[in-house]
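Enquirer: predicted coordinates and the sequence they were generated for:
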Amino acid sequence: MNNLKVAIIQIQTGPDKSSNLLKTAELFASIEKSRVSLVLLPEMFQCPYNLESFSIFAEDIPTGETSLFLSNLAREYGTFLVGGSIPEKKGNRYYNTSIVYNPCGEIIGIYRKTHLFDVDFENLHFQESAVLNPGNTPLLIDTPWGKIGILICYDLRFPELIRLYALRGAFMVAVPAAFNPITGPLHWEVLFRARAIDNQVYLLGASPAPYPNAFYQAYGHSLIVDPMGRVLEQLGNEEAIIIKDIDLSLVDLTRQRLPLLKHRRLDLYAINPDEKLGNSLKDQKGEAI
Ligand SMILES: NC(=O)CC(=O)C(=O)O
């Protein structure tokens, strides 16, 4: 069980949910049944990434159309499926939620984006928290190959959560995401590579392909990064699928050769709850550092 074949689907998410689901199924069809063990879809793969659409496209999990659609795909293709993310309606709250299925089509985990994307750039003002609520629960799923952690997009910028996954035994982290033309070119690949290097895990990122004239242009560039930080494959802006065999022995080998996780100085990093933290460049005695 040293190799794992994974697939990452990059679709152009448009304004029509049924076409988005149809396109997902069409791209899935290029996967040979029972030959891929894990498939990853992008963030908001059935819904345009804008605040107005979230409540309109939102569904119940597990009874909604998209949950059932994903369950059928996982069963038909005999694969674990990290179902990107969808807007979820739960009571009167909305979440950005990833549903994970086993090859029998059963839900084995639900992850709700924990860090909401609230940013204020000159050409991009986005406030997920105006509509969505944050999740509060990390998710590691068990597979025959080991544990896989799930994050959604902006979560990748918070190294603590992925470190938690690595310390709890993850060999891989799967990230449905949708960066944009402002943050994508500068941060996308760097963040995926940095998190893979720091935690010595495989990182998979799935983004939508950009959709012409959409309010939010996704960056595309879905990718796979290995535990040494090598980009094994990366798409451009096109609708496409990556199918790749990955070598799982590289996780242990990297950790043996470069035992970062063992070299941590926990005696130095603990933060006393009374300690004053902040942006000041002064130490505790008021001296500049
Ligand atoms: N869309 C996101 O959640 C995050 C993003 O685009 C970024 O961090 O940049």
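Expert: Thanks, I have the structure now.
Enquirer: so where does the most centrally placed residue in the chain fall, helix or strand?
Expert: Residue closest to the mean C-alpha point of the chain, counted by C-alpha atoms, centre = their mean, is Val175 at 1.4 Å. For Val175, the host element (DSSP states H and E) is strand 170-176.
Enquirer: would that strand count as contacting the ligand?
Expert: No - contact of strand 170-176 with the ligand is not found when judged by C-beta under 6 Å from any ligand atom; the minimum separation is 9.8 Å. Just so you know, the C-beta spots here come from the backbone N, C-alpha and C atoms, and that holds for glycine as well.
Enquirer: for stretch 100-115, same thing?
Expert: No - using C-beta under 6 Å from any ligand atom, stretch 100-115 never reaches the ligand; the gap is at least 7.3 Å.
Enquirer: what's the span of that stretch from first residue to last?
Expert: 19 Å (C-alpha to C-alpha, to the nearest Å).
Enquirer: quick one: buried residues of it?
Expert: Buried residues in stretch 100-115, counted by 16 or more other C-beta atoms under 10 Å: 100-103, 105, 107-115.
Enquirer: could you export the strand holding Val175 as CSV, CA atoms only?
Expert: Presented in CSV, the C-alpha positions along strand 170-176 are these (Å, rounded to 0.1, in the frame of the first residue of the first chain):
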residue,chain,number,x,y,z
ALA,A,170,-1.9,13.0,8.9
PHE,A,171,0.2,12.0,6.0
MET,A,172,-1.8,14.2,3.6
VAL,A,173,-4.0,17.3,3.8
ALA,A,174,-6.7,17.9,1.2
VAL,A,175,-7.8,21.5,0.5
PRO,A,176,-10.8,22.5,-1.5
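Enquirer: flag every buried residue along whichever helix or strand comes after it.
Expert: Next in sequence after strand 170-176, counting helices and strands by DSSP H and E, comes helix 184-199. Going by neighbour count (16+ other C-beta under 10 Å), the buried part of helix 184-199 is Gly184, Trp188, Glu189, Leu191, Phe192, Arg193, Ala194, Arg195, Ala196, Ile197, Asn199.
Enquirer: that older thread, thought the residue nearest to the centre of the chain was touching Leu161?
Expert: No - counting by C-beta atoms under 8 Å, Val175 sits too far from Leu161 to count as a contact (10.9 Å).
Enquirer: touching both of the two, which residues are there?
Expert: Leu151, Asp155 (C-beta atoms under 8 Å, 6 or more residues apart in numbering).
Enquirer: next to the ligand, which bits of the chain? Give me the list.
Expert: Residues of the chain found near the ligand (C-beta under 6 Å from any ligand atom) are Phe117, Cys153, Tyr154, Arg157, Ala178, Phe179, Asn180, Thr183, His187.
Enquirer: kindly recompute the last result at 5 Å.
Expert: Counting by C-beta under 5 Å from any ligand atom, the chain comes close to the ligand at Phe117, Cys153, Tyr154, Ala178, Phe179, Thr183.
Enquirer: Phe28: which of the residues you listed is nearest?
Expert: Taking C-beta to C-beta as the measure, Phe28 sits nearest to Ala178 out of the residues of the chain next to the ligand, at 19.4 Å.
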